[in-house]
Structure formats: C-alpha cells, structure tokens
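Trainee: below are the sequence and a predicted model; questions follow.
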Amino acid sequence: MSFSTFPTFSTSAAHPLSGYGWDEEWAESFSLHTTVGLLPGRVVRVDRGLCSVVVADGDAVRVLRADMADVSTPDPMRYVCTGDWVAVDEIPGGRPAVRALMPRRTALVRSTNSKRSEAQVLATNVDQIAICVSLASEVDLGRIERFLALVASSGEGEALLGGTGRAAAEPLVVLTKADLVSDAEHIRADVEGIAPGVTVLVVSAETGEGMDVLRACTPGSTALIGQSGAGKSTLTNMLAEAEVMTVQQTRSVDEKGRHTTTAREMVPMAHGGVLIDTPGLREVGLFGGEGLAQAFSEVGELAAECRFHNCGHHTEPGCAVQAALEDGTLSQRRWESYLKLQRENAWIASRTDARLAAERLKKWKSITLSYRNSGLPIKR
Ligand SMILES: Nc1nc2c(ncn2[C@@H]2O[C@H](COP(=O)(O)OP(=O)(O)OP(=O)(O)O)[C@@H](O)[C@H]2O)c(=O)[nH]1
Ligand SMILES: [Zn+2]
C-alpha cells in the first residue's frame, strides 16, 4: 500500500527526504544498499507486524507498508522502531520488504518492567528529545530528573546497533498548559535548577505562548516524551499545522481499528523537520549508561573536589558533597534523587549482567554440545 499524498518538503534543490533527516552521512551509509537497488527510507510508524516507511518518489515522497521478516530478531534492541533508517526492497507485485536496519545515531531506550531485563526502544535518530510536563498538576522534579538521565543516555549503548555513538540527543524540557497556572516562571526556575545546561520552555497550546521558541528549538528530528495527558499530541498537532489533516487522512485510510496508545508516529512539522509523538509513559525505568552522570553533572563536579577520590560522601573528612549539602548549594532533595536513580541503575545493570552471563553460559553449552557431537576434543 502506498500514499502519494504524504506531505513533502518542497525545497527544490534538496533531497526529498531531507526534511526527514536525510543527509550526506546517511547517503554514504546507504551507498552499498542503493547500488543493489534498495530504497533508503525512514520508518514513520510500526504496527501489526509491518512498518510504514517514507521513501523518495521523484521530487516528492511516498509511504510504503513494508514487511520486516528479514530483519526480525528476538533482541528488543534491534526491533525496527519509529525513526529508524532502513533499506527497502520494493518487490514488483508483492509487499515491500525491509532488508536492512541502519546503525542508529541516537536511541531513546527505557527498561521495561518485565521479569527479564528487557529494554524498549522508544524513538531513534532524533536530534532533540522534548520532555513534556504539564503545569496543570504539581510538577514532579524527580520524574524530570529521571527523564533527563534517560535522554542523556540516548547516544550510547547496544541500541545504536554499532552506530558511532556520538552525542546524545539534546534534551529540552517543555512545561505545557501555562494558561492554567499563574506562577509558570517560578516553576520554570525550579526546573532549571535541576536541569543544568538544559533549555526549559513554558508553552501553552491554548494561548500560543512559547510556541515560536519551541519551533526554533526543534530543527531536524524531535521526539516528544512525557506522561499521558502532558499535552504531547496537542503540541504535535500545533507544530504540524496544515499537515495535521494529512496525518489524520493517513490514519483513516491506513490504520483502521488500531490501538493509538501503543503506536509511535512520526509526523512532519510545518516549519520543517519531523516529530515523533510517543504514547504517555507511566514508567520510565533507566537503562544503564552514563546518562545519570550527565543529568547530575554538578554532583560529579562536587565529587571530584572531595579530598579522597574514593569518597563515599557520608562522613569522610573533606567531602565536598557533604559541604555543599550543609551550605545548601546542593539540595537534599537533589542528592537523594541522585542516589535513588543510581541505585536503580545499579540494579538494572546487575540484572542485565546476570542475563548476559546466563546467555553466554547457554551459548557455551550449545557449542560444547556441538563439539561433543562432532567428536572433536573439548578443551576445558
Ligand atoms: N488548558 C490547556 N489544555 C491543554 C493544553 N495542551 C493540551 N491540553 C489538554 O490536555 C489534555 C491532554 O492533552 P494530549 O495532547 O492528549 O496529551 P498527551 O500527552 O498526548 O497524552 P497521551 O496521548 O495520553 O500520551 C487534552 O484534553 C488537551 O486538550 C494547553 O496548553 N492548555
Ligand atoms: Zn565526598
């Protein structure tokens, strides 16, 4: 199934996919695939075992529904995700097939609350990740810190599929529904206090406040994350402007009876670039990585000033962390939040390690078994 009506970005000189993030680097990584006739494309949604992939079509773009059997894997880190670049084989008379999944530049991954240590990739190849937080209810700073750590980990880890693992996506905090509160600036200051170096915006879809700044802060590819009801879909519609109709048309033709809550969808923004709207996240477990250190960079800076490099920051003499807690430069809340996330991270890492160790053992057993069957000597 294909759509010739899918919106395109009409800068005549540019590649038709440039609005979707296509650049020289992608062109280069696709060169082998394109020489054998595969189409480069970006995944705009994944559902019911198929993915919708936007590909170039002359000067415009169209969306293919492609089969993913060739790249299917039991590893959740390698599941095709909205935002992925893929090489598609357009089979005459048949369903297009994804033949390759390209290494990712960034991947937003959370741990899921299953018995095994499993991860879920939420969005890939995004330049910015906007953490949406509603001002309508009390702002939970700890939750924002957790989201920030998650975003800071988006440039590292297995989910990049051997990607270069360069910079993480840039975090943004978007405080929504400003029209419902009178002290938005006050809350913004509090949030800035826990988000060193991060842009914190105050917006309202109702009054349009802050929307221009949001547009300016979201060039390229942006993912929206946050709790259900944070106003992500509303922001998506506003940023998509005239394209919203097209998105809804696409929905009505393509996705009858789908479960909206589980889908992640990429939509083009009116001012250029694309947005990935993710469903509301109730749990946002960290998935290891260095993100925590980055989200709490000032804690790391303090720890570096402790007299002992292996300082436990409890009662050691010359502990800069304790000193900062005493004089109020570091708030107790912030410190406890850091410790809590650190414990959580360590626990996830241990689960992951245990699982990896078990998998290695299993693999080793099967290798040993095949050696036995082959009659070759087994070295112990
Ligand atoms: N007053 C006010 N209400 C808003 C604003 N933005 C969104 N809302 C309302 O907040 C509710 C939730 O907005 P959504 O955009 O559906 O929130 P969401 O984050 O996409 O929620 P999920 O799709 O469940 O993840 C809706 O009733 C919106 O109309 C705003 O700026 N001001
Ligand atoms: Zn210390």
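Mentor: Done, it's in. Ligands and ions are numbered 1, 2, ... in the order given.

Trainee: and Asp104, what does it touch?
Mentor: Let me fix one detail, which is that residue 104 is Arg and not Asp. Gly83, Asp84, Thr124, Asn125, Ala159, Leu160, Leu161, Gly163 (Cβ atoms under 8 Å, 6 or more residues apart in numbering). Placement of C-beta: from N, CA and C, glycine included.

Trainee: let's see 10 Å
Mentor: Applying Cβ atoms under 10 Å, 6 or more residues apart in numbering, we find Arg104 in contact with 77, 81, 83-85, 121, 123-126, 154-155, 157, 159-165.

Trainee: buried members of these into PyMOL, please.
Mentor: In PyMOL, a selection of the buried entries from the contacts of Arg104 looks like this (16 or more other Cβ atoms under 10 Å):
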select buried, resi 77+81+83+84+85+121+123+124+125+126+154+155+157+159+160+161+163+165
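
Trainee: let me know the average pLDDT across stretch 19-28.
Mentor: Averaging pLDDT along stretch 19-28 gives 95.

Trainee: swap in stretch 345-361?
Mentor: Average pLDDT, stretch 345-361: 70.

Trainee: show me where pLDDT drops low in this structure?
Mentor: Applying pLDDT under 70 to the chain flags the ranges 1-13, 113-117, 163-166, 242-263, 288, 352-380.

Trainee: up against ligand 2, what does it have?
Mentor: With the criterion set to Cβ under 5 Å from the ion, the chain comes near ligand 2 through Cys306, Cys311, His313, Cys319, Val321.

Trainee: is it true that the fourth one touches Trp335?
Mentor: No. Cys319 lies out of contact with Trp335 (Cβ atoms under 10 Å); the separation is 11.8 Å.

Trainee: more neighbours, the two?
Mentor: Cys319 (21 against 18; other Cβ atoms under 10 Å).

Trainee: report the contact partners of Val44.
Mentor: Val44 neighbours (Cβ under 10 Å, 6+ apart): 6, 20, 51-54, 63, 82-84, 247, 250, 264-268, 274, 276.

Trainee: distance from the strand or helix carrying it to the middle of the chain?
Mentor: According to DSSP states H and E, Val44 maps onto strand 39-47. With Cα atoms, centre = their mean, to the nearest Å as the basis, strand 39-47 stands 16 Å off its chain's centre.

Trainee: give the contact list for the residue in the stretch 101-250 of the chain that ligand 2 sits nearest to.
Mentor: Across the stretch 101-250 of the chain, the shortest distance to ligand 2 (Cβ to the ion) belongs to Pro196, at 19.1 Å. Pro196 is in contact with Leu148, Gln294, Ala295, Phe296, Ser297, Glu298, Val299, Glu301, counting by Cβ under 10 Å, 6+ apart.

Trainee: quick one: it from Asp190, how far?
Mentor: From Pro196 across to Asp190, the span is 13 Å (Cβ to Cβ, to the nearest Å).

Trainee: strands of the stretch 201-350 of the chain, start to end?
Mentor: Taking DSSP state E, counting those that start in this stretch as the test, the strands found in the stretch 201-350 of the chain are 221-226, 265-268, 274-277.

Trainee: what strands line up against the first one, and which way round?
Mentor: This means strand 221-226. Strands that pair with strand 221-226, judged by DSSP bridges, come out as strand 128-134 (parallel), strand 274-277 (parallel).

Trainee: with mean neighbour count added, can I get those strands in a markdown table?
Mentor: As requested, those are exported to a markdown table (neighbours: other Cβ atoms under 10 Å):
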| stretch | mean neighbour count |
| --- | --- |
| strand 128-134 | 25 |
| strand 274-277 | 26 |
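
Trainee: okay if I get these as JSON lines plus distance to Leu180?
Mentor: Supplementary listing: these in JSON lines, determined by distance: least, Cβ to Cβ, whole Å:
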{"stretch": "strand 128-134", "distance to Leu180": "8"}
{"stretch": "strand 274-277", "distance to Leu180": "21"}
